[in-house]
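Asker: no sequence on this one, just coordinates:
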DNA sequence: CCTTGCACCTCACGTAACGTGAGGTTCTAC
DNA sequence: GTAGAACCTCACGTTACGTGAGGTGCAAGG
């Protein structure tokens, strides 16, 4: 009759201290059925057997791997293949990391912009721009971009945007001075622009196609995040077209 | 009197469709005070003004950055510095990514082990070991150890553990026989122990320092995964100390 | 005039994994 | 015998809503 065995067994407080969880947690685990003490004393106090202790160790281990208590219960009760469960969970965690990374990238870009002084309205437009990216690039492409971005670091990304801004200003200068887009003075600017675009696409034609579609369909000011307007954009397109094919 | 203005203003359903949130969400935002409609119709229907619409766009934008509604409310109401808020949130997100990544690494290692066939008990000891390792070894050191382990293969690792077990038993024999730790009969055991430790550290002094710190601070039985207890450990230390310096 | 149907309303419970009391009982040591 | 530690059972609070339940307001059709 293990349910009335008072001579041995752990009481909640001891078990809690021994395993690093709280008494409340053990209560909770009982109510949801993930760890039911194998006995009670006459006074109604919980009594945990050694088997309960071992089960608790496993619960804590799986919990620290980020699994839900419901999953833990299934895994322990149904004797599921632990390897398969862990592999599935690994996939889950990796996806969540990707999502967090995408979020981190968005925040990082916003923060670099914030140093130039960002208003709440800018915030809205910037986030809309990010949502726009998600409409034109596939998930894989966005992940590739995120990784590349990650390797470069926030500074380099900020410098690139700053360079685009200067490029745009220079192009506008030439345009307003009436220079032809194929003029020798414009050529280095176009060449640098082509390099920057190539750095973005990584030379991947599919990536380039996505970028093109985005620039074709969306408002130039929005898509370039205010770096250039439609006029400068058109001027740059002509300058790029006048470039010899191999860079 | 905007609170009775019925001629203009958005009703919940329209506003919800326009912004991509649900009606229930708008109800919720009102109860927690993050977006209170600026008016009601005579029948008690919510009426949102254009200012409410703009506020909702901001709320959604900040929400998609992973901020809590309470934070959003503070940020929008107190006119807090958006840049500072975003930077703080970025730090928060980066920390959470680091935690997830550490978790991913643990899971990945467990999965590779699972292919060799892992029991739930192994899981517990392995996870405890990993948690302990992470407190004493740097990330680089752990990667180095993982590679070395991988190259050796599971068999070699098992043999090493078996050898430690035999070493511990032999040391315990000498100890209980009253032999001095510096006795000639103990010397070859200590020398072999030193070789095994050297194989673990790969001769790296920093790795050795980390290992030392771990053995100094943790319970001998736990850290050696049950191979030796505190007494045998102390005996081995004295035996190692009695060894000539160059091996 | 009545019904159908849609948009709207206000409760109010459920979610995950416990934290934090509240109020009462039992065990243990002095 | 009594103090204090340990135990017990409710039961509400946390996040950001989802999901009905049951009722009202308003326009169109029969």
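Answerer: Cool, the structure landed. Quick caveat, the model's predicted, so the values are computed rather than measured.
Asker: please count neighbours and contacts with C-alpha atoms only from this point.
Answerer: Will do.
Asker: how close does residue A:236 sit to residue A:183?
Answerer: Between residue A:236 and residue A:183 the distance is 12 Å, computed by Cα to Cα, to the nearest Å.
Asker: residue A:192 too?
Answerer: Residue A:192 is 15 Å from residue A:183, by Cα to Cα.
Asker: the more surrounded of the two?
Answerer: residue A:192 (16 against 12; other Cα atoms under 10 Å in any protein chain shown).
Asker: the helix or strand in which that one is found: how far from the chain's middle?
Answerer: For residue A:192, the enclosing helix or strand under DSSP states H and E is helix A:187-201. Here helix A:187-201 is found 28 Å from its chain centre; the criterion is Cα atoms, centre = their mean, to the nearest Å.
Asker: so which elements touch that helix?
Answerer: Counting contacts by 3 or more Cα pairs under 8 Å, 6 or more residues apart in numbering or on different chains; DSSP states H and E, helix A:187-201 is packed against helix A:154-176, helix A:230-241.
Asker: tell me the angle the last one makes with helix A:187-201.
Answerer: Looking back up the chat, that one is helix A:230-241. Angular relation of helix A:230-241 and helix A:187-201 on a 0 to 180 degree scale: 90 degrees, by axes from the mean of the first three to the mean of the last three Cα atoms, to 10 degrees.
Asker: quick check: residues of chain A near DNA strand C?
Answerer: A:22-25, A:28, A:41-43, A:63, A:67-70 (Cα under 7 Å from any atom of the strand).
Asker: if we use 6 Å, what do you get?
Answerer: A:22, A:24, A:25, A:28, A:43, A:68, A:69, A:70 (Cα under 6 Å from any atom of the strand).
Asker: save those residues as CSV, and put in neighbour count too.
Answerer: Formatted as CSV, the residues of chain A next to DNA strand C follow (neighbours: other Cα atoms under 10 Å in any protein chain shown):
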residue, neighbour count
A:22, 14
A:24, 12
A:25, 12
A:28, 14
A:43, 6
A:68, 12
A:69, 17
A:70, 11
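Asker: which pair of those residues spans the longest distance?
Answerer: A:43 and A:68 (32.4 Å; Cα to Cα).
Asker: is chain B contacted by stretch A:59-69?
Answerer: Yes. Stretch A:59-69 lies within reach of chain B by Cα under 8 Å from any Cα of the partner chain, at A:61, A:65, A:66.
Asker: contacting residues for the last one?
Answerer: So that's residue A:66. residue B:103 (Cα atoms under 8 Å, 6 or more residues apart in numbering or on different chains).
Asker: measure it to residue A:174 for me?
Answerer: As defined by Cα to Cα, residue A:66 lies at a distance of 58 Å from residue A:174.
Asker: just residue A:228 next, same as before
Answerer: Separation of residue A:228 from residue A:174 (Cα to Cα): 14 Å.
Asker: who has more neighbours, those two?
Answerer: Each of residue A:228 and residue A:174 has its neighbours counted (other Cα under 10 Å); residue A:228 has more, 22 against 18.
Asker: for the closest residue to DNA strand D within chain A, which non-adjacent residue is closest in space?
Answerer: Nearest to DNA strand D, among the residues of chain A, is residue A:13, at 3.0 Å (Cα to the nearest atom of the strand). With sequence-adjacent residues excluded and distances taken as Cα to Cα, 6 or more residues apart in numbering or on different chains, residue A:13 is closest to residue A:23, at 6.1 Å.
Asker: just give me the neighbour total for the one you found.
Answerer: Residue A:23 - counted by other Cα under 10 Å - has 16 other residues nearby.
Asker: surely it meets residue A:29?
Answerer: No. Between residue A:23 and residue A:29 there is no contact under Cα atoms under 8 Å: 9.9 Å.
Asker: now residue A:29: closest residue in space that isn't a chain neighbour?
Answerer: Nearest non-adjacent residue to residue A:29 (Cα to Cα, 6+ apart): residue A:35, at 5.2 Å.
Asker: state the pLDDT value of that neighbour.
Answerer: At residue A:35, the pLDDT value in this model is 97.
Asker: so who does it touch?
Answerer: A:26, A:29, A:52, A:55, A:56.
Asker: repeat that for residue A:181.
Answerer: A:175, A:187, A:235, A:236, A:238, A:239, A:242.
Asker: need these in CSV (columns: neighbour count, distance to residue A:158 and pLDDT).
Answerer: Listed next are these as CSV, based on neighbours: other Cα atoms under 10 Å in any protein chain shown; distance: Cα to Cα, whole Å; pLDDT from 0 to 100:
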residue, neighbour count, distance to residue A:158, pLDDT
A:175, 17, 26, 93
A:187, 17, 24, 92
A:235, 20, 24, 93
A:236, 25, 21, 92
A:238, 15, 26, 91
A:239, 22, 25, 91
A:242, 14, 29, 89
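Asker: just checking, residue A:26 touches residue A:16?
Answerer: Yes. Residue A:26 is in contact with residue A:16 according to Cα under 8 Å; the separation is 7.4 Å.
Asker: from the residues of stretch A:59-69 next to chain B, which is closest to DNA strand C?
Answerer: residue A:66 (7.9 Å).
Asker: how is that closest one assigned, secondary-structure-wise?
Answerer: Counting by DSSP: H, G, I helix; E, B strand; the rest coil, the backbone at residue A:66 sits in coil.
Asker: what's the answer for residue A:47, then?
Answerer: strand.
Asker: show me what it bridges to in the sheet.
Answerer: Listed by DSSP bridges, the beta-bridge partners for residue A:47 are residue A:39.
Asker: thinking it is in contact with residue A:41, fair?
Answerer: Yes. Here residue A:47 reaches residue A:41: they are 6.6 Å apart, a contact under Cα under 8 Å.
Asker: quick one: which of those two has more around it?
Answerer: Per other Cα under 10 Å, whichever of residue A:47 and residue A:41 has more neighbours is residue A:47, with 24 against 16.
Asker: got a list of what that one touches?
Answerer: A:6, A:9, A:10, A:11, A:12, A:37, A:38, A:39, A:40, A:41.
Asker: check the first one and give its pLDDT.
Answerer: In this prediction, residue A:6 carries a pLDDT score of 42.
Asker: stretch A:123-131: which residues count as buried?
Answerer: A:123, A:124, A:125, A:126, A:127, A:129 (16 or more other Cα atoms under 10 Å in any protein chain shown).
Asker: just put those residues in a markdown table and tack on pLDDT.
Answerer: Shown next, in a markdown table, are these (pLDDT from 0 to 100):
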| residue | pLDDT |
| --- | --- |
| A:123 | 74 |
| A:124 | 77 |
| A:125 | 77 |
| A:126 | 75 |
| A:127 | 76 |
| A:129 | 75 |
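Asker: from those residues, which is closest to residue A:224?
Answerer: residue A:129 (8.8 Å).
Asker: which strands or helices does whatever helix or strand the closest one lives in pack on?
Answerer: Using DSSP H and E, residue A:129 sits within helix A:120-136. Counting by 3+ Cα pairs under 8 Å, 6+ apart, the packing neighbours recorded for helix A:120-136 are helix A:82-115, helix A:205-217, helix A:220-223, helix B:50-64.
Asker: quick one: the last one near chain A?
Answerer: Yes. Counting by Cα under 8 Å from any Cα, contacts between helix B:50-64 and chain A involve B:57, B:58, B:61.
Asker: surely residue A:194 touches residue A:241?
Answerer: No. Judged on Cα under 8 Å, residue A:194 makes no contact with residue A:241 at a distance of 10.4 Å.
Asker: neighbour count: these two, which is higher?
Answerer: residue A:194 (16 against 13).
Asker: nearest residue to that one other than its sequence neighbours?
Answerer: Per Cα to Cα, 6+ apart, closest to residue A:194 is residue A:240, 7.3 Å.
Asker: so how far is DNA strand C from the one you found?
Answerer: Distance of residue A:240 to DNA strand C, computed by Cα to the nearest atom of the strand, to the nearest Å: 50 Å.
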